[in-house]
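Undergrad: How does the following fold in three dimensions:
(chains A and B)
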Amino acid sequence: MNPRVRFSPSPTGQLHIGGARTALFNYLFSKHHQGKFLVRIEDTDLERSKKEFTDQICESLNWLGLEWDEELVYQSQRIKLYHEAISVLLKSGNAYQCFASKEELNKIREDTGSYLYPGLWRNKDQKNVALEIQKGTPFTIRLKTPETGETSFDDLIYGSITVSHSEIDDFIIARSDGSPVYNLTNVVDDYDMSISHIIRGEDHIANTPKQILIYKALCWTVPIFAHLPMILGQDKKRLSKRHGATGVQTYRDEGYQSEALLNYLSLLGWNPGTEEEIMSLSKIIDQFDLLKVHKKSAVFDDKKLNWISGQHLGMQANEDILIRIRLIKPNWGKTESNDFCLSVINLMKGRSKSLLDLIENSVYYFQDPTEFNEKVLRKTWKDDTSNIVESVHSILDSMEIWNAELLEDTLKDFMESNELGFGKVMKPVRLAICGRVNGPSLFLIMELIGQSTCIRRINKAIGTF
RNA sequence: GGUCCGUUCGUCUAGUGGUUAGGACUCCAGGUUUUCAUCCUGGCAACAGGAGUUCGAUUCUCCUACGGACUACCA
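TA: Below you'll find the predicted structure:
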């Protein structure tokens, strides 16, 4: 099987987590089966579609690494195709012009309580139609849907779904300005692009029977459908802007890496059937099976994303992390050598959740600390501390070889011979050097940032506190 | 309101007509660590409810409740 699938965002906003998941599952399915992954921009809503969003969506997809295999398709450039389909439908009697106004329809809806179009112009004779056209009355074009029977399809994920035709009205396929509507353009494009599997959000299930009716009216083969469960926010409501960080770019800017985000997303509604959770994209592609995707929607959990992100970071090569950091902070660590930066990364990657997390917690490797937490300071720097640190200072000052091992031996000797506890000595020293009381092994930090820097910072602390 | 869909720890999930219902995240406790984080060990925590089928249902069927999607001249 060499499926052709597509991700079809509408450029009315940036790519969000839900869209990214849809794109990902399309991508995974196509790559698992050596198929093609395409992207189509659904920009037929002229009022809301914006070029900047198209750019933003593409940028996000690129960042995620979900590259499409053929040229981008823009619906706005294929109007002719839609008009051809509409005219075929009109000619074959599968569609008709409807001259009812919005007001008229709204009134009927209010009166009857039914939202279904009652077929006002379904069987009007040519005379009436000609008269309205002569008058210049605006008209929409509706599909003439069957009145009896039902439409059903086998969803790869949801199984068999059946809807009675009595629930499907003669819906609009072209607006009064002549422009085609989503259900029509979608079908025309999927057919034209030879899409074999339509993988999209569960919110499209209700559209599917309508689209199938269009396929049939056009005598086209109906593709295979697979609807993905929704991703919800913590409040179990569908993910949207009010849930804060839902844009893919926000995650990028917060220092998450695409592999981690993709890994987490892949585990929402799917799992490989093993207990493995940390996986590379190629491993996920390898394991992926659309048939094992759930029907149940999943809640997006930042905590687990953080964990997965941290796991990826911890396993990643230092060089690679440096490249990624420079992508979001081009000047990071530029005051020091590459080796120095790599050492910082090596010390910090195991304890960081994201690139940004790593960056923010590594400031003291590059700059003398300037801000000290008042409470921590009071707890750490006691009356006799300055004297102790003074002694440490002179020991450090006299050292001729500077490495972690020697530092540890020397300072331990000092503590033992003076019967001082580790915390009493090393905590204030750490505070002086790092501006905080936690972090990796202080001896390793001291070795890395060097003798003169350590002494300068300790000096400053003694003078200040 | 109508149509469609869903329901295993707080969250992501595994699983079976008979299991101590398993794992992961979070949280808590202990250990390791100069500190914090990591790491290791342990712990808390779930089959929505009610009928039915059955010797036996979390698992099969139905009903109810709850949740969601759709119900546009948006996509």
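Undergrad: Contacts for stretch A:187-198, please.
TA: The contact list for stretch A:187-198 (C-beta atoms under 8 Å, 6 or more residues apart in numbering) reads A:3-6, A:8, A:29, A:35, A:38, A:40, A:73, A:75, A:78, A:81-82, A:85, A:156, A:180, A:211, A:214-215, A:218, A:220, A:223-226. In this view, the C-beta of every residue, glycine as well, is placed from N, C-alpha and C.
Undergrad: and the spatially closest residue to residue A:100 that is not a sequence neighbour, how far is that from RNA strand B?
TA: What sits nearest to residue A:100 in space, not counting adjacent residues and going by C-beta to C-beta, 6 or more residues apart in numbering, is residue A:120, at 5.0 Å. Separation of residue A:120 from RNA strand B (C-beta to the nearest atom of the strand, to the nearest Å): 12 Å.
Undergrad: Settle this for me: residue A:120 is touching residue A:97, isn't it.
TA: No. Applying C-beta atoms under 8 Å as the test, residue A:120 and residue A:97 come out as separate, 11.0 Å apart.
Undergrad: Touching the one helix or strand residue A:5 maps to from outside, list them.
TA: Using DSSP states H and E, residue A:5 sits in strand A:4-7. By C-beta under 8 Å, 6+ apart, the residues outside strand A:4-7 that reach it are A:19, A:22-23, A:26-27, A:29-30, A:35-40, A:61, A:66, A:68, A:73, A:190, A:193-199.
Undergrad: let's go with 6 Å and repeat that
TA: Contacts of strand A:4-7 with the rest of the structure, by C-beta atoms under 6 Å, 6 or more residues apart in numbering, involve A:23, A:26, A:30, A:35-40, A:194-197, A:199.
Undergrad: Name the nearest of these relative to residue A:349.
TA: residue A:23 (28.4 Å; C-beta to C-beta).
Undergrad: contacting residues around that closest one?
TA: Here residue A:23 is in contact with A:7, A:66 (C-beta under 6 Å, 6+ apart).
Undergrad: Report how many residues lie close to residue A:463.
TA: Neighbours of residue A:463 under the rule other C-beta atoms under 10 Å: 8.
Undergrad: quick one: it is in a strand?
TA: No. Applying DSSP: H, G, I helix; E, B strand; the rest coil, one finds residue A:463 to be helix, outside a strand.
Undergrad: And it, how close does it get to RNA strand B?
TA: 22 Å.
Undergrad: now chain A, which segments are flagged as low pLDDT?
TA: Low-confidence segments of chain A (pLDDT under 70): A:241-242, A:244-245.
Undergrad: Confirm that residue A:377 sits in a helix.
TA: Yes. Residue A:377 forms part of a helix when assessed by three-state DSSP.
Undergrad: burial count for it?
TA: The burial count for residue A:377: 16, using other C-beta under 10 Å.
Undergrad: Would the lengthiest helix in chain A count as contacting RNA strand B?
TA: Using DSSP state H to define each element, chain A has its longest helix at helix A:17-32. No. Helix A:17-32 is not in contact with RNA strand B by C-beta under 7 Å from any atom of the strand; minimum separation 10.1 Å.
Undergrad: which SS state does the residue nearest to residue A:100 fall under?
TA: Relying on three-state DSSP, one would call residue A:120 coil.
Undergrad: ok, it to residue A:203 distance?
TA: 29 Å (C-beta to C-beta, to the nearest Å).
Undergrad: ok, these two, which is more surrounded?
TA: residue A:120 (15 against 12).
Undergrad: so where does residue A:423 fall, helix or strand?
TA: Judged by DSSP H and E, residue A:423 forms part of helix A:422-434.
Undergrad: Could you do residue A:56 as well?
TA: Going by DSSP H and E, residue A:56 is in helix A:51-64.
Undergrad: buried stuff in that helix?
TA: A:53, A:54, A:56, A:57, A:58, A:60, A:61, A:63, A:64 (16 or more other C-beta atoms under 10 Å).
Undergrad: cool, stretch A:126-140 as well?
TA: A:129, A:132, A:139, A:140.
Undergrad: Just the buried residues of the contacts of stretch A:187-198.
TA: Buried among the contacts of stretch A:187-198 (16+ other C-beta under 10 Å): A:3-6, A:8, A:29, A:35, A:38, A:40, A:73, A:75, A:78, A:81-82, A:85, A:156, A:180, A:211, A:214-215, A:218, A:223-226.
Undergrad: how's chain A carved up into domains?
TA: A:4-70+A:231-299, A:78-228, A:317-363, A:374-464 (automatic domain parsing).
Undergrad: so residue A:39, which of the three states?
TA: strand.
Undergrad: And for the closest residue to it other than its chain neighbours, the neighbour number?
TA: Excluding its sequence neighbours, the residue lying closest to residue A:39 (C-beta to C-beta, 6+ apart) is residue A:68, at 4.2 Å. Using other C-beta under 10 Å, residue A:68 has 21 other residues around it.
Undergrad: shouldn't residue A:68 be in contact with residue A:41?
TA: No. In this structure residue A:68 lies outside contact range of residue A:41 using C-beta atoms under 6 Å: 10.9 Å.
Undergrad: Most tightly packed of the domains of chain A?
TA: domain A:4-70+A:231-299 (a mean of 18; mean count of other C-beta atoms under 10 Å).
Undergrad: Let me know the helix or strand that residue A:141 is in.
TA: Residue A:141 belongs to strand A:140-143, assigned by DSSP H and E.
Undergrad: what's the distance between that strand and the middle of its chain?
TA: Distance, stretch centre to chain centre, for strand A:140-143: 37 Å (C-alpha atoms, centre = their mean, to the nearest Å).
Undergrad: just checking, what packs against it?
TA: If you count contacts as 3 or more C-beta pairs under 6 Å, 6 or more residues apart in numbering; DSSP states H and E, strand A:140-143 packs onto strand A:95-98, strand A:172-174.
Undergrad: possible to save those strands as TSV with distance to RNA strand B?
TA: Formatted as TSV, the helices and strands packed on strand A:140-143 follow (distance: least, C-beta to the nearest atom of the strand, whole Å):
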stretch	distance to RNA strand B
strand A:95-98	8
strand A:172-174	4
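Undergrad: got those as JSON lines, with distance to residue A:265 columns?
TA: Output for the helices and strands packed on strand A:140-143, formatted as JSON lines (distance: least, C-beta to C-beta, whole Å):
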{"stretch": "strand A:95-98", "distance to residue A:265": "40"}
{"stretch": "strand A:172-174", "distance to residue A:265": "34"}
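Undergrad: quick check, stretch A:362-374 touching RNA strand B?
TA: No. Figure legend: stretch A:362-374 not in contact with RNA strand B (C-beta under 7 Å from any atom of the strand); closest approach 12.3 Å.
Undergrad: Tell me the buried residues in that stretch?
TA: A:362, A:364, A:365, A:369, A:372.
Undergrad: Quick one: residues contacting residue A:226.
TA: A:156, A:157, A:199, A:290.
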